[in-house]
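# here is my input, please return the structure:
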Amino acid sequence: MADQEATTEAKVEGGAPATPATQEAEATQPTDDAQEAAKEKTFQKVQYSGPMVCHGHSRPIVDLQFSPVTKDGLFIVSASKDGKPMLRNGTTGDWIGTFEGHKGAVWSACLNAPATLAATGSADFTAKVWDALTGEQVYEFPHKHIVRCVSFSPDSSKLCAGGFEKELRIYDLTKPEADPACFPKQGSAFKCAQWSMENENLIYASLASEGGVAVWDVRAMQRAAFSFDTGKDIVTSIELSSKDVVTTASGNKVSFWKAETGEKVKESYTIPFVVESASLCEQKNYFAAGGEDMWVHLYDYETGKEIAQNKGHHGPVHCVRFAPGGDSYASGSEDGTIRIWTTPGAEGESEDSQASVGTTEGAGNGGE
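Numbers count the residues shown, from 1 in each chain. Sure thing, here's the model as predicted:
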């Protein structure tokens, strides 16, 4: 990986820096116990509610994914139009390395289950597999057009890739020189694809000009008997939120589906803005959504009630994902930053930081 250093800091907008003069003045002002307690409560609220802001990308971030918790910790990989996918510590946001080699925008990035491999899909007409420990390129798979989505099989032995060729390819990573298996061509480019982490025979994918999510049977190399009917709106985000639930974003709706049947878990929630990405955390009973309004919104999964509005991005939010366990969630934006937000009720968060339907503002410095 490229030799770079990264820092990740968070601050709250609107605060003026302290100077020796102001500090001395404050020290001479009498304060009682109540005032001191109020100051402490205010400090705690700022400390826990502000996000960690991760700089480093020079262009919009269009995809990100957390790894499962591994023996080496938690990781997050990001894809950007700057063509330089990055790996970070998923807990602190600290930069670990950059995968160097693409010659065009990177539209998709993912990690395998043990976080030993990363995969990327790019506008340079390639899908690449990387050693996530060293940053070295392991495989390069050429395509005839832009690659928009990549996903590993549960056992990391295969990679699916799709894009403007209008077909979904399956690469056998144990036989990288072999020709890929290809599903029948479609009438539109592929936009999103996600391999089931519980059923190695199912892949969920959406198309760029057709609503819904098609389910692909890897054994039969054709569409499965069921799909997710989202209507005419294009599905811009697919998440395997658990072994049983798939979360999708389309138009201004967030929907939840039974992974093995395509049935709705519940009625879709209508969101008052165009949603580009959504993520569910069943452990915390929350889902997060981001899109054109530039905020990251947190909702109650059972009722759809808005819990928090997280302000700080300076462009549309293209991707949102919860970390395993749900103590935090990350967002990537047109502004080129990743922000890692603390979930209300997370371990280590004070009660004072949990404001219902509150607005959290966050800006920060840090980067490569």
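
# mind listing the strands for the stretch 151-300 of the chain?
Along the stretch 151-300 of the chain, counting by DSSP state E, counting those that start in this stretch, strands occupy 158-163, 168-172, 181-182, 190-195, 202-207, 210-217, 222-228, 235-240, 245-250, 253-258, 269-270, 275-281, 286-291, 296-300.

# in TSV: those, plus distance to residue 335.
All C-beta spots, glycine's among them, are computed from the backbone N, C-alpha and C. Shown next, in TSV, are those (distance: least, C-beta to C-beta, whole Å):
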stretch	distance to residue 335
strand 158-163	25
strand 168-172	31
strand 181-182	37
strand 190-195	22
strand 202-207	25
strand 210-217	29
strand 222-228	31
strand 235-240	18
strand 245-250	19
strand 253-258	23
strand 269-270	26
strand 275-281	14
strand 286-291	12
strand 296-300	12
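
# need those strands in JSON lines with mean pLDDT and mean neighbour count, can you?
Converted to JSON lines, the strands of the stretch 151-300 of the chain look like this (pLDDT from 0 to 100; neighbours: other C-beta atoms under 10 Å):
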{"stretch": "strand 158-163", "mean pLDDT": "98", "mean neighbour count": "27"}
{"stretch": "strand 168-172", "mean pLDDT": "98", "mean neighbour count": "21"}
{"stretch": "strand 181-182", "mean pLDDT": "98", "mean neighbour count": "14"}
{"stretch": "strand 190-195", "mean pLDDT": "98", "mean neighbour count": "24"}
{"stretch": "strand 202-207", "mean pLDDT": "98", "mean neighbour count": "24"}
{"stretch": "strand 210-217", "mean pLDDT": "97", "mean neighbour count": "20"}
{"stretch": "strand 222-228", "mean pLDDT": "96", "mean neighbour count": "16"}
{"stretch": "strand 235-240", "mean pLDDT": "98", "mean neighbour count": "24"}
{"stretch": "strand 245-250", "mean pLDDT": "98", "mean neighbour count": "24"}
{"stretch": "strand 253-258", "mean pLDDT": "98", "mean neighbour count": "22"}
{"stretch": "strand 269-270", "mean pLDDT": "98", "mean neighbour count": "16"}
{"stretch": "strand 275-281", "mean pLDDT": "98", "mean neighbour count": "26"}
{"stretch": "strand 286-291", "mean pLDDT": "98", "mean neighbour count": "26"}
{"stretch": "strand 296-300", "mean pLDDT": "98", "mean neighbour count": "22"}
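
# now the closest residue to residue 115 other than its chain neighbours: how far from residue 213?
The shortest distance from residue 115 to any non-neighbouring residue, by C-beta to C-beta, 6 or more residues apart in numbering, is to residue 67 (3.9 Å). Here residue 67 is placed at a distance of 24 Å from residue 213 (C-beta to C-beta, to the nearest Å).

# you'd agree the residue nearest to residue 115 is up against residue 88?
No: counting by C-beta atoms under 8 Å, residue 67 does not reach residue 88; the two are 10.5 Å apart.

# any chance you could list residues touching both of those two?
Common neighbours of residue 67 and residue 88, using C-beta atoms under 8 Å, 6 or more residues apart in numbering, are 75, 76, 77.

# looking at this, the second one is in a helix?
The reference is to residue 76. No: applying DSSP: H, G, I helix; E, B strand; the rest coil, one finds residue 76 to be strand, outside a helix.

# partners of it in the sheet?
residue 66, residue 88 (DSSP bridges).

# you'd agree residue 78 is up against residue 61?
Yes: counting by C-beta under 8 Å, residue 78 touches residue 61, with 5.5 Å between them.

# so what sits against both of those two?
332, 338.

# who's more crowded, these two?
residue 61 (30 against 23; other C-beta atoms under 10 Å).

# quick check: which element contains the residue nearest to the more buried one when sequence neighbours are not counted?
With sequence-adjacent residues excluded and distances taken as C-beta to C-beta, 6+ apart, residue 61 is closest to residue 332, at 3.3 Å. Per DSSP states H and E: residue 332 is located in strand 328-333.

# could you list the low-pLDDT ranges of this protein?
1-49, 347-368 (pLDDT under 70).

# switch to 80 and redo it
1-50, 346-368 (pLDDT under 80).

# next, residue 265: phi, psi?
With angles defined as degrees, to the nearest 10, residue 265 sits at phi -70, psi -40.

# that one contacts residue 257, correct?
Yes: Residue 265 lies in contact with residue 257 (C-beta under 8 Å); the separation is 6.3 Å.

# which residues do those two both contact?
residue 245.

# ok, the residue nearest to residue 115 - contacts?
Residue 67 neighbours (C-beta under 8 Å, 6+ apart): 74, 75, 76, 77, 90, 111, 113, 115.

# now the helix or strand following the strand holding residue 332 against strand 286-291, angle please.
Following strand 328-333 in sequence order, the next helix or strand is strand 338-342 (DSSP H and E). Comparing the axes of strand 338-342 and strand 286-291 via axes from the mean of the first three to the mean of the last three C-alpha atoms, to 10 degrees yields an angle of 150 degrees.

# now strand 338-342: buried residues?
338, 339, 340, 341, 342 (16 or more other C-beta atoms under 10 Å).

# against residue 90, how distant is the closest residue to the third one other than its chain neighbours?
Put plainly, it is residue 340. Of all residues not flanking residue 340 in the chain, residue 52 sits nearest, at 4.3 Å (C-beta to C-beta, 6+ apart). Residue 52 sits 11 Å away from residue 90, taking C-beta to C-beta as the criterion.

# what does residue 96 give?
Distance, residue 96 to residue 90, by C-beta to C-beta: 10 Å.

# common neighbours of those two, please.
residue 75.

# of those two, which one has the most company?
More crowded of residue 96 and residue 90, by other C-beta under 10 Å: residue 90, with 28 against 19.

# wait, doesn't the more buried one sit right on residue 74?
Yes: counting by C-beta under 8 Å, residue 74 is a contact partner of residue 90 at 3.5 Å.
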